[in-house]
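Participant: I need the structure of the sequence given here:
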Amino acid sequence: PAEEKSPQSAEEKEAAEMQKKFKPLKEIAMVLAKTKYHCKVLGDQRCLPMLKEYRRKAWPFLQKELGKNLTMFRPKGPQGMRNRWRPFFVKTRLQGCMEHPVVYMQVNGVKAKTLAMNLRKHSRPGAIKTGHIEKKEICRATKNKKTVGVTFVREPLARFTSAYGELMAARRRQPNMANGSNAALLEEDEKSSTEHARLFVENFLQGGGKEVTAAILPQAEYFAERSHNCSARMSFIGKSESPAQEWRRMIHDMDCDPTKIPYLNGTRARAAKANKTSLSLLQLSNGATSSMQKALKLDGGAYLRAWCWFSMPDYVLLDYDLPTACLETDMGMIIDWAWTWKVVPPPKKNTTTDAEHEDTEHEDKEFETI
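Facilitator: Down below sits the predicted model:
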């Protein structure tokens with residue numbers, strides 16, 4: 001005789017379906033937690049592979065948002081960027097805080113001119129060295145345990161839309177664009193400008209083509225910069241939205257006196273001159289930025305959600321909140337798990353076979369909840 005169904009079979013089926021749904025989401029959260037550990041905490045060679053692993057797991061969800069198949073854009077890291085896009089480093093020692101060498105990594109698309117000015121103003125004479133990470137003085141400083149790695153970042157969505165605006169403004173000023181193939185899309189007409197922004201997002205998600213600049217690439221990839229065993233491990237990650245406050249926090253974290261190394265604001269005269277000379281460019285940039293914001297809201301916000309799937313490592317690494325429209329989806333659970341789970345480094349391997357076996361088991365349980 002046929003077996004009678006258990007009265008809890010429906011509940012078990014529902015539980016199995018929920019488990020099936022949550023399993024890939026938890027896997028993505030684990031990869032994000034590992035990415036943060038290897039890119040931010042350790043700054044080691046596993047950073048770029050973890051970024052690639054996240055992109056691979058998140059790609060089906062990104063495609064689902066747009067309802068189309070896209071060619072996956074694999075993270076390349078700074079070493080895979082064009083040479084002029086690679087992050088620029090400044091190595092120095094600050095007067096009044098001589099014990100700690102400072103290595104500052106500049107992230108493109110982050111407004112940090114005033115920060116660079118402060119580094120120059122407060123540096124010991126002759127202490128500044130600039131260049132890429134493989135430069136001898138900079139590479140040596142990254143290996144010094146007393147060195148403080150410093151970088152400033154920006155809210156990812158604001159950085160993306162702003163960089164797009166600046167890119168479009170620069171292109172519109174080129175005389176040959178009037179007769180180019182993109183002329184219709186670059187008209188002042190709002191509809192065509194929004195359509196161009198939508199196409200730009202699609203192209204960006206697949207590698208971007210010729211229009212992508214270093215200011216648009218994810219900030220997380222900058223943490224994968226390595227050369228000659230020198231890594232861009234950043235001890236301090238400041239937010240460019242509040243530079244003076246973050247500067248004081250940086251100096252305090254270095255066990256130095258912030259009152260002796262104050263943050264100096266840029267001169268008003270310099271700002272006024274810049275505003276006067278770039279007013280038309282600013283207007284064009286603001287118009288393009290507005291078009292991008294509208295494009296991300298198309299199809300019920302599908303383009304914004306797809307962009308969020310693409311950019312989630314930035315939000316986890318840099319401790320910014322996802323846009324509300326993205327937090328209200330499965331991404332909200334993923335980012336909460338990624339922030340909650342703690343990566344436990346595996347113990348040092350012993351020479352015995354049993355110890356190696358235990359290490360393998362430990363690596364399978366690399367996460368614990370806190």
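Participant: Count the residues that sit near R74.
Facilitator: The local packing of R74 (other CB atoms under 10 Å) involves 13 other residues. Where C-beta positions appear, they are placed from N, C-alpha and C, glycine not excepted.
Participant: From P313, how far out is the closest residue to it other than its chain neighbours?
Facilitator: Beyond its immediate neighbours in the sequence, the residue positioned closest to R74 (CB to CB, 6 or more residues apart in numbering) is K52, lying 5.8 Å away. Computed as CB to CB, to the nearest Å, the K52 to P313 distance reads 11 Å.
Participant: what's the answer for D257, then?
Facilitator: When CB to CB is applied, the distance between D257 and P313 equals 35 Å.
Participant: Those two: who's more crowded?
Facilitator: A side-by-side neighbour count of D257 and P313, using other CB under 10 Å, places P313 first with 27 against 12.
Participant: average model confidence for the strand or helix carrying the more buried one?
Facilitator: Secondary structure from DSSP states H and E places P313 in helix 298-318. Model confidence over helix 298-318, given as mean pLDDT, is 95.
Participant: And for stretch 231-250?
Facilitator: Mean predicted confidence for stretch 231-250 is 90.
Participant: gap between that stretch and the chain center?
Facilitator: Taking CA atoms, centre = their mean, to the nearest Å, one finds stretch 231-250 lying 14 Å from the centre of the chain it belongs to.
Participant: What values do phi and psi take at the residue nearest the centre of the chain?
Facilitator: Compute the mean C-alpha point of the chain, and by CA atoms, centre = their mean the closest residue is Q219, 2.8 Å away. Torsion angles at Q219 (phi, psi; degrees, to the nearest 10) stand at phi -70, psi -30.
Participant: Just the pLDDT for the nearest residue to Y37 once chain neighbours are set aside.
Facilitator: With CB to CB, 6+ apart as the measure, V343 is the residue that lies nearest to Y37, at 3.9 Å, once sequence neighbours are left out. Here the pLDDT value assigned to V343 is 80.
Participant: now V343, which residues is it bridged with?
Facilitator: Under DSSP bridges, the beta-bridge partners of V343 are F367.
Participant: can I assume it is in contact with K34?
Facilitator: Yes - the pair V343 and K34 qualifies as a contact (CB atoms under 8 Å) at a distance of 6.0 Å.
Participant: Give me the neighbour count for H38.
Facilitator: Using other CB under 10 Å, H38 has 21 neighbouring residues.
Participant: Is it in a helix, a strand, or coil?
Facilitator: Using DSSP: H, G, I helix; E, B strand; the rest coil, the structure places H38 in helix.
Participant: Tell me the confidence at it?
Facilitator: Per-residue confidence for H38 comes out at a pLDDT of 92.
Participant: Need phi/psi at the residue nearest to it when sequence neighbours are not counted.
Facilitator: What sits nearest to H38 in space, not counting adjacent residues and going by CB to CB, 6+ apart, is R46, at 3.9 Å. Phi and psi for R46, reported as degrees, to the nearest 10, are phi -80, psi -10.
Participant: neighbours of the closest residue to P313 other than its chain neighbours, just the number please.
Facilitator: Of all residues not flanking P313 in the chain, A220 sits nearest, at 4.1 Å (CB to CB, 6+ apart). Neighbour count for A220, taken as other CB under 10 Å: 28.
Participant: what's the answer for V107, then?
Facilitator: 24.
Participant: And for K36?
Facilitator: Other residues near K36 come to 24 when the count uses other CB under 10 Å.
Participant: Run through the residues that contact it.
Facilitator: Contacts for K36 (CB atoms under 8 Å, 6 or more residues apart in numbering) come out as V316, L317, A338, V343.
Participant: and if we set it to 10 Å?
Facilitator: Listed by CB atoms under 10 Å, 6 or more residues apart in numbering, the contact set of K36 reads 42, 47, 50, 220, 223, 313, 316-319, 338-339, 341, 343.
Participant: Distance of it relative to I138?
Facilitator: Computed with CB to CB, the distance linking K36 and I138 is 24 Å.
Participant: do the same with E246
Facilitator: Per CB to CB, E246 is found 22 Å from I138.
Participant: So which bits of stretch 288-296 are buried?
Facilitator: With burial defined by 16 or more other CB atoms under 10 Å, the residues of stretch 288-296 counted as buried are A288, T289, S290, S291, M292, Q293, A295, L296.
Participant: Sweet, I'm off.
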